[in-house]
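S.K.: Here's my sequence, what's the structure:
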Amino acid sequence: MDERSVQIIPATGKSAAFWMREIRCRSANGHQAGILTTRQDLPLEVIAERMFQRWRQENFFKYMQAEFNSDHSSTYATELADPQRSVPNPEPWLRRREKAFLACFAVQKAIKNRGCQHPVFGVSLHA
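M.R.: Numbers count the residues shown, from 1 in each chain. As a prediction, this is how the structure comes out:
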């Protein structure tokens, strides 16, 4: 992260000049984000963290509005849940996911050990 401060002088001259702080954050893949603030008292890490948290919230609300058409809460009222409502059981999905993970792990281990028998698919893997 890098920062610099710049004094802003309005062109009209009707309002007083003020200082702006520019913070540049570069990710590992080279993407760069710029943050402008008038806060001179906070460390740049704190400002960057607060800004990224805000962007995360904005992206969440943008997603919710696009996917669920929820740009506001229609009511703050609550209602009791229907005990007869059918809810899908996540267990089968979790078992399939775990089996796929274990199969992937076994393939990686077999390739690493060269020539082991795959425990799920029953095939010999030679690298």
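S.K.: list the buried ones in the top helix by length along the chain?
M.R.: Longest helix in the chain, counting residues (DSSP state H): helix 44-68. Across helix 44-68, burial judged by 16 or more other CB atoms under 10 Å covers Leu44, Ile47, Ala48, Met51. Where C-beta positions appear, they are placed from N, C-alpha and C, glycine not excepted.
S.K.: Show me what it packs onto, helices and strands only.
M.R.: strand 18-26, strand 32-37 (3 or more CB pairs under 8 Å, 6 or more residues apart in numbering; DSSP states H and E).
S.K.: From Ile35, how far out is the most centrally placed residue in the chain?
M.R.: A centroid search over the chain (CA atoms, centre = their mean) returns Arg56, at 6.4 Å, as the residue closest to the centre. Distance of Arg56 to Ile35, given as CB to CB, to the nearest Å: 14 Å.
S.K.: Below-threshold pLDDT in the chain: ranges please.
M.R.: 71-73, 110-111, 113-127 (pLDDT under 70).
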